[in-house]
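Trainee: got a sequence here, can you model it:
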Amino acid sequence: AVAKSPLQGDSHAVVVQGCGPIGLAVSAVLGMRGVASITAVDFSPRRRDLAAAMGATRSIDPRDGSAFADLPPAKPVLVFDCTGAKGVLARTIREAPSGTHVVIAGIAPGEETISPTIAIAKEMLLQFVIYYAPTEFAEALQAVADGKLNWQPLVTATIGLSAVANAFAELADPERHAKVMIDPWLE
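Mentor: Numbering: from 1, shown residues only. So this is what the prediction gives:
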């Protein structure tokens with residue numbers, strides 16, 4: 001998602017909506033690339049804390065106000081919608097400033113209703129992406145190997161095979177886990 005965005009160095013004020021595994025990974029890559037303004041948006045305090053640990057410079061509970069308030073005024077806005085939640089794209093179109101580029105990486109279930117008139121009037125660009133290309137996967141692995149990518153906060157537990165069923169139940173609570181790794185040799 002970051003590689004397909006228009007981001008060049010610290011060229012944009014960035015808003016990452018959704019701090020699940022996709023949003024946290026996006027925050028980590030943005031931090032690795034030196035982006036100075038990364039606003040993480042999530043309902044979960046734990047996930048907002050994880051986003052801060054992975055590179056976000058500010059976090060917002062969407063119930064407490066707009067993610068677009070107090071962004072650096074001289075930079076264009078770039079949004080990564082990583083929520084997979086119905087209605088977030090429509091809200092982004094309504095609230096984001098004119099000229100905002102929105103990269104949609106989360107998959108909302110079912111149909112989504114947006115207002116094209118608002119998006120047109122604001123000259124917004126909506127870009128839908130698949131998660132990564134094989135070359136980007138290799139680049140991420142190299143960044144991990146070189147110690148450039150802060151991935152550790154993303155993994156909130158490592159479990160053996162016998163704990164998999166319980167882990168899926170725990171993943172339903174965003175205050176418990178973000179990403180659970182399975183080690184088949186661990187018991």
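
Trainee: so what touches the strand or helix carrying A169?
Mentor: Using DSSP states H and E, A169 sits in helix 164-171. Contact with helix 164-171 is made by A157, I159, R176, H177, V180, I182, as judged by Cβ atoms under 8 Å, 6 or more residues apart in numbering. Backbone N, C-alpha and C define where each C-beta goes, glycine included.

Trainee: nearest residue to the middle of this structure?
Mentor: Nearest residue to the geometric centre of the chain (Cα atoms, centre = their mean): G23, 2.0 Å.

Trainee: any buried residues in stretch 32-45, and which?
Mentor: By neighbour count with 16 or more other Cβ atoms under 10 Å, stretch 32-45 contains the buried residues M32, R33, V35, S37, I38, T39, A40, V41, D42, S44.

Trainee: tell me the secondary structure at G110.
Mentor: coil (DSSP: H, G, I helix; E, B strand; the rest coil).

Trainee: and it, how many neighbours?
Mentor: Residues within reach of G110, counting by other Cβ atoms under 10 Å, total 5.

Trainee: contact partners for it?
Mentor: K86.

Trainee: pretty sure W151 contacts G31?
Mentor: No - assessed by Cβ atoms under 8 Å, W151 is found out of contact with G31, at 10.9 Å.
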